[in-house]
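# The following comprises the amino acid sequence and a computationally predicted model.
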Amino acid sequence: MYGNSPGQESGSLALTFLGKKVGRHHAVAPAGQQRAWETTNRSSDVEESTVSSRVVHAPVAAAILEDLPGSVPDLREDSRRLAACPVYSTHIHQNPDNTAAAQHKASWMQRWTSFRSWISAGHRKQEDDQGVEEEDSEDVRIYIPYESAELCITQIAEDMEAMKNRHFEMVKELEVNFQIAARETQEREVLKVRAHYQNKMTALKTMLALYQGKVEQKDKEWHQKVQALTALREQLLEEQGVERRRCKEEAQQWHREKSKMLELFSSRLDLLNSHQASTLQELQMARQEVGKVQEMLMAAREQRQEAAEEGDSPENNEESENPAACSEQELPLEGANARLEELKESLYQREREITELLGEEGSPIPPPPCATLLPVLIQKAHVICLTVPEARTHLQQMIEENQASLLQARDKLEQFKKTREDQIPTEEETADPTELSALEEAVVEGEVIQMALNYIRTGGIPVKRVEPEAEGVKTVGQQLLGLQDQLKQVKEENKRVIENYTTERTLRKKFYNMVEDMKGKIRVFCRIRPVNRAEAAQGGVVVVEKLDDYSVAVETPRGLREFQFDRVFSTESSQEELFQDTHRMIQSAIDGFNVCIFAYGQTGSGKTFTMVGDKEYRSPGIMPRAFTAMFDIIKDNSTRFDCKVSAYMLELYNDQLQDLLVGQAGDGPATQAPPHAPPRRVEIKRNRKGVVFAQGAETKQATSAPELLALFQQACANRHISSTKMNSESSRSHLIMGIMVESRNLTNGSLSCGKLSLVDLAGSERAAKTGAKDHQLKEANSINKSLSALGDVISALSSELPHVPYRNSKLTQVMQDSLGGNAKTLMIVNISPSQYNMDETLTSLIYATRVKAITNHAQRNLESKEIAALKEVILKLKSGQTVEEEEV
Ligand SMILES: Nc1ncnc2c1ncn2[C@@H]1O[C@H](COP(=O)(O)OP(=O)(O)OP(=O)(O)O)[C@@H](O)[C@H]1O
């Protein structure tokens, strides 16, 4: 009946649970080889059915029955009994008596009941029983009537069904048990891990608190320092102002003095010229007069000579006898001589005056006699003072008295000057300078006396007196020079103070950013691109300025607006510089963190340049550099970690996710899209930990940076790019690249799974500026819509609203874990420096500032060796694979 006929397939179901093999071997005759059942079915052919039933051998049946523990001994006994009574078997067969059949049926029923009870009891066959039973097996022939056989078959079928169900139940039960056990183990592990990390977290929190305390303290100190420096700066500025005012006043005074002197000189020069002119005139006149007088004298002399020649005449005798008449004749001569003398005197006078004037102008004046006498006098007086004590006392007294009077005179002069400065000068006051000059003279007199008395006391020789005006001029000049020096010093001091202030400000911002980073705030970098040709054509006015490494300012019509970021990169900053600050994010991804780097900004602001680089990869952007850096890190740690890198690449075009890796030659036939196959549907999902993944997206493995770059380049070729007025190669879609790094610790077997998302967003644009039409306009609308949804998410997160509208756009779904999720995120806001794009720049900077306020909760995705192994087992079981004991 249960013959293992030739060609019969023998199947076995084996389940291994925690190292114990459970289940049952069974044998089922394949269709077409179940002779007994076939005979029964063809009941009209009695002869054939009889033969068929008889050719079945008992040992085979017994062997099969052995597989049904519990029933085997009964059946064996029964078969032996039946074999000993062939009449019964034939009788039953030939005489189908109802009672006998009923009895027979009852006996079979009994047996099958026991068999069923065995099934329900879940009796397990012991493998070692097999040997014993093999020994017991005998060649037994069993003859069973067809009705019974039919019944039996039905029963067997039912029982088999029951057995199958039971087996399934058992399998289910085992699965449940297994899941419970796995869950319990997992929970235990999770609890352990949680406790471990809780401790670590507490320690970290304590450290953080300590650090925060320190930072706060430092912050306070810096704040105080900054305040002190600011106060100092203010004071210095004030002093500088005062100095400036003083300098200005002194310069004005110096100018006044100069013009006064110039006036004086010019008036003296005029006087001199007029004196010279009049002197020359007088000289001329005098010469003429002298000439006349000389002529007169000559004439008179000639007359006298003539008279002398006629001397012998009595008239001459009379003249000689009459002196009065003679003197009358000489009178005009005397008058002429007197006039001559007068003229000479006047000439000398003029000469003296001219000499004096010339002497005042600069020619050396012979020292007055007092200048030679004074040192002699002082020396004598000093000697007297040395020898006569009364004279010394008297001198001391004189010095003191003079000092007092000098002080008084100076005070008076100061007061007078002050009152004159304070009051609004009236005409009378300005017109009366005598009082001032009298006071000034008194001061000068007092000073001269003081000097002289001091010389007498000390015995020094007084130096040559300098002209008071020249001294005044020299003093003003010296003062000016001194003031210039002071100004220079103050400027240098100011520069130093400003430098100190800037350094401290920079440090403060750096520490602040570090604290923010530790708090889980999203890091935001700002990059200013150079002015492009279109902007230059619009005037190229630059309104954006990098103030320092952390601040950027925009000159708006309403004034300067300053924004603070984690780093600010100027137009001169290189790709290398930018990447240096990005590098540690790559390390985090390898360490098992979920990391996201994305570029944001208006169209043409340099997002693709920042993320991808230029077309020829002469200055590669973050993405190609990240590939190299990632594999470099992996290589450096290859002795401790075994890492696997795989990537997917999508573009969000017109609100549709498109897989850029589909259709590429890759690591297997599965990656090759069949020709004319409908595009595979890619959906954005989140795993239990909240990490976003692209379901249905082609994921390709890469074993080196060039391999990954080749994949990336091929995928980029599929991207939607077209030319607009703002950018000759404008991205018309958002590019999303996910790089998964699975890293197994070779020491402890733990497994970490990190993800690096690199996103190059399409830029917001105004149709008027880009000149978008038709399908470009549709693209622009779609881009703007998704960016607006991103803006809404940013606003909700930064305002800590209870609902964040992630589901409004596919873009926000893709970025859900990066904004307010569990990722370490870096945003690079790209801006244009030109006035032409000022509005867009301001909008971008405002959004970036809001992003800075968002807090993420980055977690490391690390599993212990056991959990990782159990997960693998579950996966295998789910997919219907056999799990070996060693694997668990
Ligand atoms: N920092 C930079 N230094 C030099 N050139 C730059 C810089 N940033 C951008 N550019 C140049 O400006 C142009 C526009 O840049 P890019 O295509 O990266 O802008 P985008 O923001 O990606 O624009 P869209 O959103 O339209 O795709 C490119 O020709 C690029 O080479």
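That came through fine.
# Next, the buried residues of stretch 549-566.
550-552, 554, 563-566 (16 or more other CB atoms under 10 Å). No exception for glycine: its C-beta is placed from N, CA and C like everyone else's.
# My error: substitute stretch 710-719 in the last question.
Under 16+ other CB under 10 Å, the buried positions of stretch 710-719 are 711-712, 714-716, 719.
# just stretch 404-420 next, same as before
405-406, 409, 413.
# quick one: which of those is nearest the ligand?
Closest approach to the ligand among those (CB to the nearest ligand atom): L413, at 68.1 Å.
# Pull the contacting residues for the closest one.
With contact taken as CB atoms under 8 Å, 6 or more residues apart in numbering, L413 is in contact with 436, 439-440, 442-443.
# Tell me which of the residues you listed fall in strands.
Among these, the subset assigned to strands under DSSP state E is empty.
# Weed out the non-buried ones from the residues you listed.
Applying 16+ other CB under 10 Å to those flags 439-440, 442-443 as buried.
# three-state assignment of the residue in the stretch 351-500 of the chain positioned nearest to the ligand?
With CB to the nearest ligand atom, the shortest gap between the stretch 351-500 of the chain and the ligand falls at E499, namely 28.1 Å. Here E499 is helix, with the state taken from DSSP: H, G, I helix; E, B strand; the rest coil.
# element containing the residue nearest to L660 when sequence neighbours are not counted, please.
Residue nearest to L660 in three dimensions, not counting chain neighbours: A715, with 3.8 Å by CB to CB, 6 or more residues apart in numbering. Following DSSP states H and E, one finds A715 within helix 705-717.
# give me the low-pLDDT residue ranges for the stretch 401-550 of the chain?
For the stretch 401-550 of the chain, applying pLDDT under 70 flags the ranges 421-433, 462-481, 513, 516-517, 519.
# what residues go with each domain of this structure?
Taking automatic domain parsing as the reference, the chain has its domains at 10-144, 369-465, 520-875.
# Just name the most buried of these.
domain 520-875 (a mean of 19; mean count of other CB atoms under 10 Å).
# follow-up on the earlier one: okay if I get the contacts of L413 as JSON lines plus distance to A537?
Putting these into JSON lines (distance: CB to CB, whole Å) gives the following:
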{"residue": "L436", "distance to A537": "67"}
{"residue": "L439", "distance to A537": "71"}
{"residue": "E440", "distance to A537": "69"}
{"residue": "A442", "distance to A537": "76"}
{"residue": "V443", "distance to A537": "71"}
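# Next step: the residues you listed restricted to helices.
436, 439-440, 442-443 (DSSP state H).
# Quick one: name the residues of the protein near the ligand.
529-530, 532, 601, 603-609, 614, 727, 729-731, 762-763, 830 (CB under 6 Å from any ligand atom).
# From the residues you listed, which land in strands?
601, 730-731, 830.
# out of those, what pair is the most spread apart?
Greatest spacing in those, by CB to CB: S730 and N830 (13.4 Å).
# Serialize the buried residues of stretch 710-719 to a markdown table and add fields for distance to R508 and pLDDT.
Formatted as a markdown table, these follow (distance: CB to CB, whole Å; pLDDT from 0 to 100):
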| residue | distance to R508 | pLDDT |
| --- | --- | --- |
| L711 | 44 | 91 |
| F712 | 40 | 92 |
| Q714 | 47 | 87 |
| A715 | 43 | 88 |
| C716 | 41 | 87 |
| R719 | 42 | 80 |
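# so L395 sits in a helix?
Yes: looking at L395 with three-state DSSP, it is inside a helix.
# Would you agree it is in contact with I456?
Yes: under the criterion of CB atoms under 8 Å, L395 makes contact with I456 at 6.1 Å.
# what touches both of the two?
With CB under 8 Å, 6+ apart, L395 and I456 have common neighbours C385.
# Send me stretch 591-611 as CSV with only the CA atoms.
The C-alpha coordinates for stretch 591-611 follow below in CSV (Å, rounded to 0.1, in the frame of the first residue of the first chain):
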residue,chain,number,x,y,z
ASP,A,591,31.3,55.6,11.1
GLY,A,592,27.7,54.6,10.6
PHE,A,593,26.0,58.0,10.6
ASN,A,594,23.4,59.2,8.2
VAL,A,595,25.0,62.2,6.6
CYS,A,596,23.6,64.7,4.1
ILE,A,597,25.4,67.5,2.2
PHE,A,598,23.3,69.7,0.0
ALA,A,599,23.7,72.9,-2.0
TYR,A,600,21.0,75.5,-2.0
GLY,A,601,20.6,78.8,-3.8
GLN,A,602,19.1,80.6,-6.8
THR,A,603,19.8,79.5,-10.3
GLY,A,604,23.3,80.1,-11.5
SER,A,605,24.6,80.7,-8.0
GLY,A,606,27.2,77.9,-8.2
LYS,A,607,25.4,74.9,-6.6
THR,A,608,26.5,72.4,-9.3
PHE,A,609,30.0,73.9,-9.3
THR,A,610,30.2,73.4,-5.6
MET,A,611,28.8,69.9,-5.5
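# Show me the two of the buried residues of stretch 404-420 that sit farthest apart.
Once CB to CB is applied, the buried residues of stretch 404-420 give S405 and L413 as the farthest pair, at 12.4 Å.
# before we move on, the earlier item: where among the domains of the chain is average confidence lowest?
Per-segment mean pLDDT for the domains of the chain reaches its minimum on domain 10-144, at a mean of 48.
# now the closest residue to the ligand within the stretch 701-850 of the chain, nearest residue through space, not along the chain?
The nearest approach of the stretch 701-850 of the chain to the ligand comes at G763, 2.7 Å away (CB to the nearest ligand atom). Take G763 and drop its neighbours on the chain: the residue closest to it by CB to CB, 6+ apart is T603, 3.3 Å away.
# tell me the contacts of the one you found?
Counted by CB under 8 Å, 6+ apart, T603 has contacts 724, 726-727, 730, 762-765, 770.
# 7 Å instead?
724, 726-727, 730, 763-765, 770 (CB atoms under 7 Å, 6 or more residues apart in numbering).
# Distance-wise, check V515 relative to K521.
9 Å (CB to CB, to the nearest Å).
# for M649, same thing?
For M649 relative to K521 (CB to CB), the value is 29 Å.
# same thing with K418?
61 Å.
# Also G213?
G213 sits 19 Å away from K521, going by CB to CB.
# before we move on, what about V193?
V193 is 26 Å from K521, by CB to CB.
# Can you classify G690 by secondary structure?
Under three-state DSSP, G690 comes out as coil.
# Nearest residue to it in space, ignoring adjacent ones along the chain?
N822 (5.2 Å).
# check contacts around E765.
E765 neighbours (CB under 7 Å, 6+ apart): 602-603, 726, 772, 780.
# and C596, which of the three is it?
Secondary structure, three-state DSSP: C596 is strand.
# Would you mind putting the CA coordinates of stretch 780-795 into CSV?
Once non-C-alpha atoms are left out, stretch 780-795 reads as follows in CSV (Å, rounded to 0.1, in the frame of the first residue of the first chain):
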residue,chain,number,x,y,z
ALA,A,780,10.8,76.0,-13.5
ASN,A,781,7.3,75.8,-11.9
SER,A,782,8.0,72.3,-10.7
ILE,A,783,11.4,73.4,-9.3
ASN,A,784,9.9,76.4,-7.6
LYS,A,785,7.1,74.4,-6.2
SER,A,786,9.3,71.8,-4.6
LEU,A,787,11.7,74.5,-3.3
SER,A,788,8.7,76.3,-1.8
ALA,A,789,7.7,73.1,-0.1
LEU,A,790,11.3,72.8,1.2
GLY,A,791,11.0,76.4,2.4
ASP,A,792,7.8,75.5,4.3
VAL,A,793,9.5,72.6,6.0
ILE,A,794,12.4,74.8,7.0
SER,A,795,10.0,77.4,8.4
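# Run through who's touching that stretch.
652, 654-655, 734, 762, 764-765, 767, 770, 772, 804-806, 808-809, 811-812, 815, 819, 847, 850-851.
# 8 Å instead, please
Residues contacting stretch 780-795 (CB under 8 Å, 6+ apart): 652-655, 732-734, 761-765, 767, 770, 772, 801, 804-806, 808-812, 815, 819-820, 847, 850-851, 854.
# Over to stretch 492-507?
In contact with stretch 492-507 (CB under 8 Å, 6+ apart) are residues 222, 225-226, 229-230, 232-233, 236-237, 240, 548-550.
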